[in-house]
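[1] have a look at this prediction, sequence included:
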Protein chains: 2
Amino acid sequence: MKKISSRFSMAVHILSLIALSPSSSTSDVIAGSVQTNPVIIRRIIGQLKKAGLVGVRAGVGGTYLLKELDEITLLDLYKAVEVVEDDELFNFHDHPNPKCPVGANIESVFRTKMLQAQSAMEQELAQVTLDQLVSELTEKMAHK
Amino acid sequence: MKKISSRFSMAVHILSLIALSPSSSTSDVIAGSVQTNPVIIRRIIGQLKKAGLVGVRAGVGGTYLLKELDEITLLDLYKAVEVVEDDELFNFHDHPNPKCPVGANIESVFRTKMLQAQSAMEQELAQVTLDQLVSELTEKMAHK
DNA sequence: TTTCTTATAACCAATATGGTTACAACAAGT
DNA sequence: ACTTGTTGTAACCATATTGGTTATAAGAAA
């Protein structure tokens, strides 16, 4: 991976739209703002639904929040869209040589350090609520 | 990307080996501990060399450190192996609709937050020197 | 019943990844 | 000089992820 999937940024974009104009929240309208295919939007909304963040009006169309804006953090979205496998951001090469003292012990040392680094990042994401983010967004929109 | 490439973990493994037994530091021996192809090792060492962290004895074989162990951090290795593109961990979907107020402003808000999160992670990596890591490693090796 | 919508399957092209084989160039020892 | 062990690359390859597309079944309202 060169980068964490844009599913995450799209999820943030999507939820911002839903928060600001819940009336026009069909995958088609949202796709118009994100500028991608409606199916992509539905797939992401499907993941947000699975995570219990939103509900979808089947048949009639549209998505609504299941939590307050200040109860949803960027970390919630990050986890919901599953951009990282097994909750481990850093990959570790498989089966280093157990007969080599370094090979036998490097994994646990490495993993410990990486979990710390990853956790520092996730804590930052956890500190930003959608409430805050949408506020900053509307601020910028007004400032135009 | 589901995970950050194992090139990073291999780089840490490789430098630990070089630090602990500089005498046996050919790509073949290292590949034996990492349990991969020597070419993979050489490619990574090539990146470490480009970053000015190590030197290579052409022809005769072997790699040596160009800096002290306490002058090399995990962040140095992370940057050296280029596991992330353009120094931006988080991807952002391209060209959201500029005619939509949200589409026009979401990118700058998102990017700001992501740079903060990414920076928190990198700071953690910057705080770990190879010196520390190798110490922990030898500790574990002795504790056998 | 018609219409708009969601959910999902089945593809696809582009790219990253880790691996492999092959070969030129280099430096030492003999 | 020649042989040997090594590095540096190029050229491939299989696999997986990504973002996208088309097509279709099914739900809910007018």
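    Happy to help now that I have it. Residues are numbered from 1 along each chain as shown, chains lettered A, B, ... in the order given.
[2] mind showing which ranges of chain A have poor pLDDT?
    A:1, A:144 (pLDDT under 70).
[3] what residues does it put near DNA strand C?
    A:1-2, A:25-28, A:38-39, A:42-43, A:45-46, A:49, A:56-63, A:91, A:93-94 (CB under 7 Å from any atom of the strand). Where C-beta positions appear, they are placed from N, C-alpha and C, glycine not excepted.
[4] can you do 6 Å?
    A:1-2, A:26-28, A:39, A:42-43, A:45-46, A:49, A:56, A:58-59, A:61-62, A:91 (CB under 6 Å from any atom of the strand).
[5] buried subset of the residues you listed?
    The neighbour-count criterion (16 or more other CB atoms under 10 Å in any protein chain shown) marks A:1, A:26-27, A:42, A:45, A:49, A:56, A:62, A:91 among the residues of chain A next to DNA strand C as buried.
[6] can you tell me which of these is nearest chain B?
    residue A:1 (1.6 Å; CB to the nearest CB).
[7] so what's residue A:41 closest to, chain neighbours aside?
    Nearest non-adjacent residue to residue A:41, counting by CB to CB, 6 or more residues apart in numbering or on different chains: residue A:27, 4.3 Å away.
[8] my read: the one you found touches residue A:42, true?
    Yes. The criterion here is CB atoms under 8 Å, and residue A:27 meets it with residue A:42 at 4.7 Å.
[9] residue A:64 - how many residues pack around it?
    11 (other CB atoms under 10 Å in any protein chain shown).
[10] just say helix, strand or coil for it.
    Three-state assignment for residue A:64 (DSSP: H, G, I helix; E, B strand; the rest coil): strand.
[11] show me the contacts for residue A:7.
    A:44, A:47, A:81, A:83 (CB atoms under 8 Å, 6 or more residues apart in numbering or on different chains).
[12] residues in contact with the closest residue to it other than its chain neighbours?
    Leaving aside its sequence neighbours, residue A:7 sits nearest to residue A:81 (CB to CB, 6+ apart; 4.4 Å). Applying CB under 8 Å, 6+ apart, we find residue A:81 in contact with A:5, A:7-8, A:11, A:44, A:47-48.
[13] got TSV for the residues you listed, with distance to residue B:107 too?
    Formatted as TSV, the contacts of residue A:81 follow (distance: CB to CB, whole Å):
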residue	distance to residue B:107
A:5	16
A:7	16
A:8	13
A:11	14
A:44	17
A:47	21
A:48	20
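[14] could you pull out the helices for chain A?
    A:7-20, A:27-34, A:38-50, A:74-80, A:101-126, A:130-142 (DSSP state H).
[15] can you pull the buried residues of the longest one?
    Okay, so that is helix A:101-126. Per 16+ other CB under 10 Å, helix A:101-126 contains these buried residues: A:101-107, A:109-110, A:113-114, A:117-118, A:120-122, A:124-126.
[16] just the second one next, same as before
    Within helix A:27-34, the residues scored as buried using 16+ other CB under 10 Å are A:27, A:29-34.
[17] who's in contact with residue A:72?
    Residue A:72 neighbours (CB under 8 Å, 6+ apart): A:15, A:53, A:65, A:129-131.
[18] one step back: to residue B:87, which of the helices of chain A lies closest?
    If you check each of those against residue B:87 by CB to CB, helix A:101-126 wins as the nearest, at 14.6 Å.
[19] and the residue nearest to the spatial centre of chain A, how far from residue A:22?
    Geometric centre of chain A, nearest residue: residue A:78, 2.4 Å, by CA atoms, centre = their mean. Noted for residue A:78: a distance of 23 Å to residue A:22, by CB to CB, to the nearest Å.
[20] do the same with residue A:95
    According to CB to CB, residue A:95 and residue A:22 sit 51 Å apart.
[21] same question, residue A:67
    14 Å.
[22] what's the neighbour count on the nearest residue to residue A:80 once chain neighbours are set aside?
    Excluding the flanking residues, the one nearest residue A:80 by CB to CB, 6+ apart is residue A:51, at 3.7 Å. When neighbours are counted by other CB under 10 Å, residue A:51 registers 17.
[23] alright, that wraps it up for me.
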